[in-house]
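[1] Below are the sequence and a predicted model for it; my questions follow.
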Amino acid sequence: ALIDKGNHRHFMQKEIYEQPVVVAQTLSSYLRPVEEQVALPDLGFDLSRIGRVAIVACGTASYVGAIGKYWIEQLARVPVEVDVASEFRYREPVLGPDMLGLVISQSGETADTLAALRHMKAEGVTVAGIINVPTSSMAREVDLLLPTHAGPEIGVASTKAFTCQLAVMAALAVNLARARGRLNPAEEAEIVRQLAEVPAAMNAALAHDAEIEAMAPTIAGARDVLYLGRGPDYPLALEGALKLKEISYIHAEGYAAGEMKHGPIALIDDQVPVVVIAPSGPLFDKTVSNMQEVRARGGKVVLISDADGLAQAGDGLLASIEMPRVHPLIAPLVYAVPVQLLAYHVAVAKGTDVDQPRNLAKSVTVE
Ligand code: G6P
(Lines give C-alpha, C1' and ligand atoms only; values in the text may rest on other atoms or scores of the structure.)
Protein backbone atom coordinates (compact mmCIF):
# COMPACT_ATOMS: atom_id res chain seq x y z
CA ALA A 1 0.00 0.00 0.00
CA LEU A 2 1.05 3.57 -0.67
CA ILE A 3 0.13 4.78 2.80
CA ASP A 4 1.77 2.26 5.03
CA LYS A 5 4.14 2.59 7.98
CA GLY A 6 6.34 -0.20 6.67
CA ASN A 7 8.80 -1.24 9.38
CA HIS A 8 8.36 2.00 11.23
CA ARG A 9 6.54 2.53 14.48
CA HIS A 10 5.04 5.86 13.41
CA PHE A 11 4.43 7.73 10.17
CA MET A 12 6.60 10.54 11.48
CA GLN A 13 9.55 8.17 11.84
CA LYS A 14 8.95 6.76 8.37
CA GLU A 15 8.77 10.26 6.90
CA ILE A 16 11.99 11.34 8.64
CA TYR A 17 13.70 8.30 7.13
CA GLU A 18 12.31 8.95 3.65
CA GLN A 19 14.07 12.31 3.43
CA PRO A 20 17.25 11.29 1.60
CA VAL A 21 15.09 9.73 -1.14
CA VAL A 22 12.40 12.39 -1.46
CA VAL A 23 14.83 15.30 -1.20
CA ALA A 24 16.91 13.65 -3.96
CA GLN A 25 13.70 13.37 -6.00
CA THR A 26 12.87 17.02 -5.47
CA LEU A 27 16.41 18.13 -6.22
CA SER A 28 16.57 16.04 -9.38
CA SER A 29 13.63 17.97 -10.78
CA TYR A 30 15.45 21.28 -10.23
CA LEU A 31 19.11 20.36 -10.82
CA ARG A 32 20.83 19.69 -14.11
CA PRO A 33 24.04 18.12 -12.85
CA VAL A 34 25.47 17.70 -16.36
CA GLU A 35 25.20 21.41 -17.09
CA GLU A 36 25.90 22.12 -13.39
CA GLN A 37 22.86 24.36 -13.30
CA VAL A 38 19.85 24.83 -11.10
CA ALA A 39 16.82 25.22 -13.32
CA LEU A 40 13.30 26.22 -12.38
CA PRO A 41 10.39 25.12 -14.58
CA ASP A 42 9.59 27.59 -17.33
CA LEU A 43 8.53 30.70 -15.46
CA GLY A 44 6.84 32.64 -18.21
CA PHE A 45 8.26 35.80 -16.72
CA ASP A 46 11.61 37.37 -16.22
CA LEU A 47 13.12 36.85 -12.76
CA SER A 48 15.57 39.71 -13.32
CA ARG A 49 12.75 42.24 -13.05
CA ILE A 50 11.92 41.16 -9.50
CA GLY A 51 12.83 43.88 -7.02
CA ARG A 52 11.61 42.17 -3.86
CA VAL A 53 10.00 39.00 -2.59
CA ALA A 54 7.13 38.58 -0.12
CA ILE A 55 6.97 35.12 1.44
CA VAL A 56 3.80 34.04 3.22
CA ALA A 57 3.15 30.73 5.01
CA CYS A 58 2.06 29.15 8.31
CA GLY A 59 3.80 26.93 10.84
CA THR A 60 6.73 24.86 9.66
CA ALA A 61 6.40 26.25 6.13
CA SER A 62 6.90 29.78 7.48
CA TYR A 63 10.34 28.73 8.78
CA VAL A 64 11.25 27.60 5.27
CA GLY A 65 10.39 31.17 4.30
CA ALA A 66 12.61 32.57 7.05
CA ILE A 67 15.54 30.40 5.90
CA GLY A 68 14.78 31.46 2.32
CA LYS A 69 15.16 35.10 3.33
CA TYR A 70 18.78 34.44 4.35
CA TRP A 71 19.47 32.52 1.13
CA ILE A 72 17.77 34.90 -1.32
CA GLU A 73 19.19 38.05 0.24
CA GLN A 74 22.70 36.59 0.47
CA LEU A 75 22.84 35.07 -3.00
CA ALA A 76 20.56 37.31 -5.08
CA ARG A 77 20.69 40.56 -3.06
CA VAL A 78 16.91 40.91 -3.41
CA PRO A 79 15.10 42.16 -0.28
CA VAL A 80 12.73 39.58 1.20
CA GLU A 81 9.93 39.98 3.70
CA VAL A 82 8.48 36.96 5.50
CA ASP A 83 5.09 36.91 7.20
CA VAL A 84 2.89 34.33 8.82
CA ALA A 85 -0.23 34.33 6.70
CA SER A 86 -2.63 35.30 9.50
CA GLU A 87 -0.73 38.59 9.91
CA PHE A 88 0.08 39.36 6.30
CA ARG A 89 -3.34 40.26 4.96
CA TYR A 90 -4.43 42.41 7.87
CA ARG A 91 -1.27 44.48 8.23
CA GLU A 92 -2.01 46.14 4.88
CA PRO A 93 1.28 45.07 3.32
CA VAL A 94 2.86 47.41 0.75
CA LEU A 95 2.66 45.48 -2.50
CA GLY A 96 3.94 46.44 -5.93
CA PRO A 97 4.44 45.28 -9.50
CA ASP A 98 8.17 44.56 -8.96
CA MET A 99 7.27 42.04 -6.27
CA LEU A 100 7.23 38.25 -6.43
CA GLY A 101 4.77 36.74 -3.96
CA LEU A 102 5.68 33.29 -2.67
CA VAL A 103 3.40 31.03 -0.67
CA ILE A 104 4.71 27.83 0.91
CA SER A 105 2.39 25.03 1.97
CA GLN A 106 2.46 21.27 2.33
CA SER A 107 -1.31 20.81 1.95
CA GLY A 108 -2.01 23.75 -0.34
CA GLU A 109 -5.25 24.24 1.63
CA THR A 110 -4.31 26.22 4.75
CA ALA A 111 -7.01 28.90 4.92
CA ASP A 112 -4.81 31.82 5.97
CA THR A 113 -2.17 31.11 3.32
CA LEU A 114 -4.81 30.66 0.61
CA ALA A 115 -6.39 33.98 1.58
CA ALA A 116 -2.99 35.69 1.40
CA LEU A 117 -2.40 34.19 -2.06
CA ARG A 118 -5.77 35.52 -3.27
CA HIS A 119 -5.09 38.92 -1.75
CA MET A 120 -1.74 39.23 -3.55
CA LYS A 121 -3.21 38.13 -6.87
CA ALA A 122 -6.10 40.58 -6.53
CA GLU A 123 -3.51 43.34 -6.04
CA GLY A 124 -1.75 42.34 -9.25
CA VAL A 125 1.23 40.58 -7.69
CA THR A 126 2.64 37.51 -9.48
CA VAL A 127 2.56 34.63 -7.01
CA ALA A 128 4.67 31.48 -6.98
CA GLY A 129 3.93 28.55 -4.68
CA ILE A 130 6.14 25.87 -3.14
CA ILE A 131 3.42 23.26 -2.63
CA ASN A 132 3.37 19.54 -1.94
CA VAL A 133 -0.17 18.55 -2.99
CA PRO A 134 -0.39 19.20 -6.75
CA THR A 135 -4.21 19.02 -6.86
CA SER A 136 -4.70 21.52 -4.02
CA SER A 137 -6.44 24.91 -4.18
CA MET A 138 -3.15 26.80 -3.93
CA ALA A 139 -1.51 24.67 -6.62
CA ARG A 140 -4.38 25.56 -8.94
CA GLU A 141 -4.38 29.27 -8.16
CA VAL A 142 -0.68 30.24 -8.16
CA ASP A 143 0.85 31.77 -11.29
CA LEU A 144 3.87 29.52 -10.94
CA LEU A 145 3.82 26.13 -9.25
CA LEU A 146 7.08 24.87 -7.75
CA PRO A 147 6.19 21.33 -6.64
CA THR A 148 7.96 19.61 -3.75
CA HIS A 149 7.59 15.90 -4.64
CA ALA A 150 7.72 14.83 -0.97
CA GLY A 151 4.83 12.38 -1.45
CA PRO A 152 1.93 12.14 1.00
CA GLU A 153 2.83 13.32 4.50
CA ILE A 154 0.65 11.68 7.15
CA GLY A 155 2.29 12.65 10.46
CA VAL A 156 0.76 15.92 11.67
CA ALA A 157 4.23 17.24 12.51
CA SER A 158 5.80 18.14 9.18
CA THR A 159 9.24 16.63 8.41
CA LYS A 160 9.89 15.55 4.82
CA ALA A 161 7.70 18.33 3.42
CA PHE A 162 9.92 20.83 5.29
CA THR A 163 13.21 19.60 3.82
CA CYS A 164 11.73 19.25 0.32
CA GLN A 165 10.42 22.83 0.58
CA LEU A 166 13.95 23.90 1.54
CA ALA A 167 15.37 22.14 -1.52
CA VAL A 168 13.00 24.08 -3.79
CA MET A 169 13.74 27.31 -1.93
CA ALA A 170 17.46 26.81 -2.56
CA ALA A 171 16.73 26.31 -6.28
CA LEU A 172 14.67 29.50 -6.37
CA ALA A 173 17.41 31.49 -4.59
CA VAL A 174 20.02 30.32 -7.10
CA ASN A 175 17.78 31.14 -10.07
CA LEU A 176 17.10 34.62 -8.74
CA ALA A 177 20.80 35.16 -8.15
CA ARG A 178 21.66 34.07 -11.67
CA ALA A 179 18.92 36.21 -13.21
CA ARG A 180 20.31 39.24 -11.38
CA GLY A 181 23.88 38.52 -12.48
CA ARG A 182 25.05 37.73 -8.96
CA LEU A 183 26.28 34.22 -9.65
CA ASN A 184 28.89 33.16 -12.19
CA PRO A 185 28.83 29.66 -13.71
CA ALA A 186 31.60 28.39 -11.42
CA GLU A 187 29.74 29.55 -8.31
CA GLU A 188 26.54 27.98 -9.56
CA ALA A 189 28.32 24.70 -10.31
CA GLU A 190 29.68 24.70 -6.76
CA ILE A 191 26.18 25.15 -5.31
CA VAL A 192 24.85 22.34 -7.52
CA ARG A 193 27.60 20.07 -6.20
CA GLN A 194 26.75 21.03 -2.61
CA LEU A 195 23.03 20.43 -3.12
CA ALA A 196 23.65 17.11 -4.83
CA GLU A 197 25.49 15.98 -1.67
CA VAL A 198 22.53 16.68 0.59
CA PRO A 199 20.87 13.22 0.39
CA ALA A 200 24.13 11.48 1.36
CA ALA A 201 24.68 13.96 4.19
CA MET A 202 21.12 13.28 5.39
CA ASN A 203 21.91 9.56 5.47
CA ALA A 204 24.98 10.31 7.57
CA ALA A 205 22.76 12.36 9.90
CA LEU A 206 20.23 9.50 10.19
CA ALA A 207 23.05 7.23 11.35
CA HIS A 208 22.92 9.10 14.70
CA ASP A 209 19.40 7.91 15.40
CA ALA A 210 20.29 5.44 18.18
CA GLU A 211 22.45 8.04 19.93
CA ILE A 212 19.61 10.56 19.85
CA GLU A 213 17.16 7.96 21.11
CA ALA A 214 19.52 7.27 24.03
CA MET A 215 19.59 10.94 25.11
CA ALA A 216 15.83 11.46 24.72
CA PRO A 217 14.77 10.29 28.22
CA THR A 218 16.98 13.00 29.80
CA ILE A 219 15.21 15.68 27.80
CA ALA A 220 11.76 14.13 28.24
CA GLY A 221 11.85 15.18 31.91
CA ALA A 222 12.43 18.87 31.17
CA ARG A 223 9.76 21.54 31.56
CA ASP A 224 11.40 23.97 29.12
CA VAL A 225 13.88 23.48 26.31
CA LEU A 226 15.69 26.25 24.46
CA TYR A 227 16.93 25.98 20.86
CA LEU A 228 19.63 28.37 19.62
CA GLY A 229 20.97 29.03 16.15
CA ARG A 230 22.48 31.81 14.02
CA GLY A 231 21.89 32.85 10.42
CA PRO A 232 19.89 30.29 8.43
CA ASP A 233 20.09 27.97 11.43
CA TYR A 234 18.11 30.44 13.54
CA PRO A 235 14.80 29.61 11.80
CA LEU A 236 15.81 25.94 12.15
CA ALA A 237 16.01 26.56 15.92
CA LEU A 238 12.45 27.91 15.73
CA GLU A 239 11.42 24.78 13.83
CA GLY A 240 13.16 22.54 16.41
CA ALA A 241 11.22 24.21 19.21
CA LEU A 242 7.96 23.92 17.25
CA LYS A 243 8.52 20.20 16.55
CA LEU A 244 9.20 19.49 20.24
CA LYS A 245 6.15 21.48 21.42
CA GLU A 246 3.82 19.90 18.87
CA ILE A 247 4.49 16.28 19.70
CA SER A 248 6.00 16.12 23.21
CA TYR A 249 4.02 19.00 24.80
CA ILE A 250 7.21 20.31 26.39
CA HIS A 251 7.47 24.09 26.30
CA ALA A 252 10.25 25.04 23.92
CA GLU A 253 11.52 28.28 22.46
CA GLY A 254 13.81 28.97 19.55
CA TYR A 255 16.07 32.00 19.77
CA ALA A 256 18.81 33.66 17.79
CA ALA A 257 21.94 32.58 19.72
CA GLY A 258 23.11 36.16 20.18
CA GLU A 259 19.72 37.34 21.41
CA MET A 260 19.54 34.85 24.29
CA LYS A 261 21.19 37.31 26.65
CA HIS A 262 18.28 39.69 26.10
CA GLY A 263 15.72 37.54 27.85
CA PRO A 264 15.69 33.76 27.77
CA ILE A 265 18.96 33.52 29.70
CA ALA A 266 16.81 34.31 32.75
CA LEU A 267 15.19 30.88 32.37
CA ILE A 268 18.42 28.94 32.45
CA ASP A 269 19.27 26.72 35.37
CA ASP A 270 20.38 23.10 35.70
CA GLN A 271 16.92 21.91 34.66
CA VAL A 272 16.94 23.51 31.22
CA PRO A 273 18.42 21.69 28.24
CA VAL A 274 19.67 24.02 25.50
CA VAL A 275 19.96 22.59 21.99
CA VAL A 276 22.55 24.52 19.99
CA ILE A 277 22.42 24.14 16.21
CA ALA A 278 25.76 25.38 14.93
CA PRO A 279 27.86 24.16 12.03
CA SER A 280 31.45 25.40 12.25
CA GLY A 281 32.13 28.63 10.39
CA PRO A 282 33.06 32.27 10.81
CA LEU A 283 30.47 32.92 13.54
CA PHE A 284 31.07 29.73 15.47
CA ASP A 285 33.28 31.52 18.06
CA LYS A 286 30.38 33.71 18.99
CA THR A 287 28.11 30.72 19.45
CA VAL A 288 30.73 29.12 21.69
CA SER A 289 30.55 32.19 23.94
CA ASN A 290 26.76 31.89 24.01
CA MET A 291 27.15 28.24 25.06
CA GLN A 292 29.53 29.30 27.83
CA GLU A 293 26.91 31.72 29.10
CA VAL A 294 24.51 28.76 29.31
CA ARG A 295 27.02 26.46 30.97
CA ALA A 296 28.03 29.08 33.54
CA ARG A 297 24.40 29.01 34.75
CA GLY A 298 24.30 25.22 34.96
CA GLY A 299 22.34 24.82 31.71
CA LYS A 300 22.79 21.54 29.84
CA VAL A 301 23.98 21.97 26.27
CA VAL A 302 23.24 19.54 23.46
CA LEU A 303 25.46 20.67 20.60
CA ILE A 304 24.70 19.72 17.01
CA SER A 305 27.78 20.55 14.95
CA ASP A 306 30.47 19.06 12.73
CA ALA A 307 33.85 17.62 13.83
CA ASP A 308 35.57 21.04 13.76
CA GLY A 309 32.79 22.64 15.75
CA LEU A 310 32.74 19.89 18.35
CA ALA A 311 36.52 20.09 18.77
CA GLN A 312 36.34 23.87 19.21
CA ALA A 313 33.48 23.66 21.71
CA GLY A 314 35.49 21.49 24.10
CA ASP A 315 33.88 19.42 26.87
CA GLY A 316 31.22 20.11 29.45
CA LEU A 317 28.34 19.32 27.10
CA LEU A 318 25.38 17.19 28.05
CA ALA A 319 25.62 15.59 24.62
CA SER A 320 26.87 16.26 21.13
CA ILE A 321 25.64 15.06 17.77
CA GLU A 322 28.21 15.08 14.99
CA MET A 323 26.99 16.10 11.55
CA PRO A 324 28.98 15.64 8.35
CA ARG A 325 30.83 18.72 7.15
CA VAL A 326 28.52 20.64 4.82
CA HIS A 327 28.50 24.05 3.21
CA PRO A 328 26.81 26.55 5.57
CA LEU A 329 24.26 27.27 2.85
CA ILE A 330 22.83 23.78 2.95
CA ALA A 331 23.33 23.11 6.66
CA PRO A 332 19.63 23.64 7.56
CA LEU A 333 18.64 20.81 5.20
CA VAL A 334 20.97 18.34 6.91
CA TYR A 335 20.70 19.64 10.50
CA ALA A 336 16.91 19.33 10.25
CA VAL A 337 17.32 15.55 10.58
CA PRO A 338 18.73 15.39 14.16
CA VAL A 339 16.33 18.15 15.20
CA GLN A 340 13.36 16.06 14.00
CA LEU A 341 14.75 12.84 15.51
CA LEU A 342 15.21 14.51 18.88
CA ALA A 343 11.58 15.70 18.98
CA TYR A 344 10.41 12.29 17.81
CA HIS A 345 12.31 10.28 20.43
CA VAL A 346 11.41 12.66 23.26
CA ALA A 347 7.72 12.29 22.34
CA VAL A 348 8.05 8.49 22.18
CA ALA A 349 9.79 8.54 25.58
CA LYS A 350 6.86 10.56 26.95
CA GLY A 351 4.34 8.21 25.35
CA THR A 352 2.38 10.87 23.46
CA ASP A 353 0.40 10.25 20.27
CA VAL A 354 3.21 11.16 17.89
CA ASP A 355 1.30 11.08 14.60
CA GLN A 356 -1.90 12.67 15.95
CA PRO A 357 -0.87 15.12 18.68
CA ARG A 358 -3.68 16.64 20.72
CA ASN A 359 -5.38 19.83 19.50
CA LEU A 360 -3.52 19.90 16.17
CA ALA A 361 -4.75 19.23 12.63
CA LYS A 362 -2.69 18.29 9.61
CA SER A 363 -4.35 20.94 7.53
CA VAL A 364 -6.08 23.98 9.03
CA THR A 365 -8.84 25.13 6.69
CA VAL A 366 -10.38 27.73 9.01
CA GLU A 367 -8.96 31.17 9.73
C1 G6P B 1 -0.78 22.90 10.57
C2 G6P B 1 0.18 21.73 10.76
C3 G6P B 1 1.63 22.20 10.67
C4 G6P B 1 1.85 22.94 9.36
C5 G6P B 1 0.86 24.10 9.19
C6 G6P B 1 0.91 24.67 7.78
O7 G6P B 1 -0.71 23.74 11.68
O8 G6P B 1 -0.05 21.11 12.02
O9 G6P B 1 2.50 21.08 10.71
O10 G6P B 1 3.17 23.43 9.33
O11 G6P B 1 -0.47 23.66 9.38
O12 G6P B 1 0.42 23.70 6.89
P13 G6P B 1 0.68 23.74 5.34
O14 G6P B 1 -0.12 22.58 4.80
O15 G6P B 1 0.13 25.06 4.83
O16 G6P B 1 2.12 23.61 5.11
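    Nice, I can see it.
[2] If you average the pLDDT over stretch 80-100, what comes out?
    Averaged across stretch 80-100, pLDDT comes to 95.
[3] just stretch 141-154 next, same as before
    95.
[4] Which positions within it qualify as buried?
    Buried residues in stretch 141-154, counted by 16 or more other CB atoms under 10 Å: 141-151, 153-154. The C-beta positions use only the backbone N, C-alpha and C, and glycine is treated the same way.
[5] Return the subset of the residues you listed lying in helices.
    Glu141 (DSSP state H).
[6] hmm, which two among the buried residues of stretch 141-154 are most spread apart?
    Asp143 and Ile154 (29.7 Å; CB to CB).
[7] What are the boundaries of the strands in the chain?
    For the chain, applying DSSP state E gives strands covering 31-32, 37-38, 52-57, 80-84, 99-105, 126-131, 144-147, 224-229, 251-256, 273-277, 300-305, 319-322.
[8] can I get those strands in TSV with distance to the ligand?
    Putting those into TSV (distance: least, CB to the nearest ligand atom, whole Å) gives the following:
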stretch	distance to the ligand
strand 31-32	24
strand 37-38	23
strand 52-57	6
strand 80-84	10
strand 99-105	3
strand 126-131	8
strand 144-147	14
strand 224-229	17
strand 251-256	14
strand 273-277	19
strand 300-305	22
strand 319-322	23
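[9] so which of those strands comes closest to Leu242?
    The closest of the strands of the chain to Leu242 is strand 251-256. By CB to CB, the value is 7.4 Å.
[10] on contacts alone, who are the packing partners of the closest one?
    Using 3 or more CB pairs under 8 Å, 6 or more residues apart in numbering; DSSP states H and E, the elements in contact with strand 251-256 are strand 224-229, helix 233-248.
[11] how close does His119 sit to Glu92?
    From His119 across to Glu92, the span is 10 Å (CB to CB, to the nearest Å).
[12] returning to what we had before: just send the helices and strands packed on strand 251-256 back as CSV, with mean neighbour count too.
    Shown next, in CSV, are those (neighbours: other CB atoms under 10 Å):
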stretch, mean neighbour count
strand 224-229, 26
helix 233-248, 26
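[13] Now distance to Gly299 too, for those, in CSV please.
    Shown next, in CSV, are the helices and strands packed on strand 251-256 (distance: least, CB to CB, whole Å):
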stretch, distance to Gly299
strand 224-229, 8
helix 233-248, 15
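[14] Fine by me, we can end here.
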